[in-house]
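Asks: after the sequence you'll find the predicted model.
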Amino acid sequence: MMAPRGVGDRLRILSQSASFLLANLSLKGWAGGSIFTGRSKMFCIPGLHCYSCPSSVLACPVGSLQSIVAADGFLAGIATGRADALAVLAVLGFLLAIGFVAGRVACGWVCPFGFLQDLLHRVPSRKLPVPAPWRHGKYLVLLLFVLVLPMTLRSAPGAGGDPWFCKAVCPAGTLWAGWPLVALHGSDTFETGFLFTWKSAVLVLILLWAVVSKRPFCRVLCPLGAFWGLSGRVSLFRMRVADSCVACGRCRTVCPVDIAIFREQESPECIRCGRCIGVCPVGAVRHSAGRGAPQEEAGG
Amino acid sequence: MKAAGIPAALRVALIVAALAAMVSGYVWGDPLVIWQKAASICLECIGVG
């Protein structure tokens, strides 16, 4: 059932659109197949957006994190205060600050890839749920592909590691950078092989999945979602459900990540979009700042 | 302590600590590391590296 769109919904779409445009201010890359090289790329976008997209003016936080931890001797560099290793604090501090303020709010209001999935899910089709246990997949992706593999796998002693999430999983990289750059340059410049085919297949599957399921990548695979979901457990701004809740389930119907907020007020899945506030027939759902314990227990 | 019972002051302190970490990363770390990766075409992201 398609729910009517309220002011909050329109505001969120405006925010997502504006974020996408602001992150892609350099359009000349599309003409020449190059990428933007300005100093704004020292700063990360709060979302998943590839820094090799021809128009991107910001860095991808996941790619930046991997490239820093993959450097040879990263942990020793942290211990000895090496400047290139300490740069990890810039990325982690940025991500943690967002998570501690409002958890996954950037997933709902900023992230270009989340926005794309929201749009794709509007395509009329049979809709399918995502099995709840699959939600744990993103924590594995964060741990394995973003941290452990880049830090440990080396092609040769003394060499840096690879950004394994970018290399093997990231659909945003394929969509915003891989396909456009290969199309603009031709496959002579970028020799496409198994990896390109693999990543293209992953992207197509995720896009198709987004048509039938709500934000499947965010819920099952996104390492940023995992990071902000965990840090959001102690975030200042959260959702609250009051005692007047009648557990009608309308909140779940409209929720972009398919949670029943009256059952899971502290859910690490919640992207703070606020759609549940707009549809609640008794006005029981609200944003809250401060001490987390609800003043009243939720019904249902 | 359950997450729900954490006082607001502690939550604010966490935000401040995260912002301090971010600033120290830019001041004492080398943010050019981020820029260098972001300003050159990432072959892994494209799927050819």
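Replies: On my side now, so go ahead.

Asks: now the lengthiest helix in chain B: buried residues?
Replies: Ordering each helix of chain B by length in residues (DSSP state H) puts helix B:8-27 first. By 16 or more other Cβ atoms under 10 Å in any protein chain shown, the buried positions in helix B:8-27 come out as B:11, B:14, B:15, B:18, B:19, B:21, B:22, B:25, B:26. C-beta here means a position set from N, CA and C on the backbone, and glycine is covered the same way.

Asks: for the residue nearest the centre of chain B, give me the pLDDT.
Replies: When Cα atoms, centre = their mean is applied to chain B, the residue found nearest the centroid is residue B:22 (5.8 Å). Residue B:22 is assigned 97 on the pLDDT scale.

Asks: among the buried residues of helix B:8-27, which are in reach of chain A?
Replies: For chain A, the contacts drawn from those by Cβ under 8 Å from any Cβ of the partner chain are B:11, B:14, B:15, B:18, B:19, B:21, B:22, B:25, B:26.

Asks: can you give me every residue that contacts the first one?
Replies: For residue B:11, the contact set (Cβ atoms under 8 Å, 6 or more residues apart in numbering or on different chains) comprises A:100, A:234, A:235, A:236, A:290.

Asks: which of those residues count as buried?
Replies: Neighbour counting by 16+ other Cβ under 10 Å classes A:100, A:234, A:235, A:236 among these as buried.

Asks: for the second one, give me the pLDDT.
Replies: Read that as residue A:234. So residue A:234 comes in at 93 (pLDDT).

Asks: and it, how far from residue A:103?
Replies: Residue A:234 is 9 Å from residue A:103, where distance means Cβ to Cβ, to the nearest Å.

Asks: same deal with the third one?
Replies: Between residue A:235 and residue A:103 the distance, using Cβ to Cβ, works out to 4 Å.

Asks: contacting residues around stretch A:10-29?
Replies: Under Cβ under 8 Å, 6+ apart, the answer for stretch A:10-29 is A:34-36, A:38, A:45, A:47, A:49, A:53-58, A:108-112, A:114-115, A:118, A:273-274.

Asks: out of the buried ones among the contacts of residue B:11, which sit inside helices?
Replies: Residues of these located in helices (DSSP H): residue A:100.

Asks: so which of the buried ones among the contacts of residue B:11 reach chain B?
Replies: A:100, A:234, A:235, A:236.

Asks: widest-spaced pair of the residues you listed?
Replies: Greatest spatial distance among these (Cβ to Cβ): A:234 and A:236, at 8.4 Å.

Asks: shared neighbours of the two, anything?
Replies: Joint contacts of residue A:234 and residue A:236 (Cβ under 8 Å, 6+ apart) are A:100, B:11.

Asks: end-to-end on stretch A:56-65?
Replies: Distance between the two ends of stretch A:56-65: 17 Å, counting by Cα to Cα, to the nearest Å.

Asks: contacting residues for residue A:210?
Replies: By Cβ under 8 Å, 6+ apart, residue A:210 lies in contact with A:116, A:117, A:120, A:121, A:216, A:217.

Asks: how about 10 Å then?
Replies: A:113-114, A:116-121, A:123, A:171, A:216-218 (Cβ atoms under 10 Å, 6 or more residues apart in numbering or on different chains).
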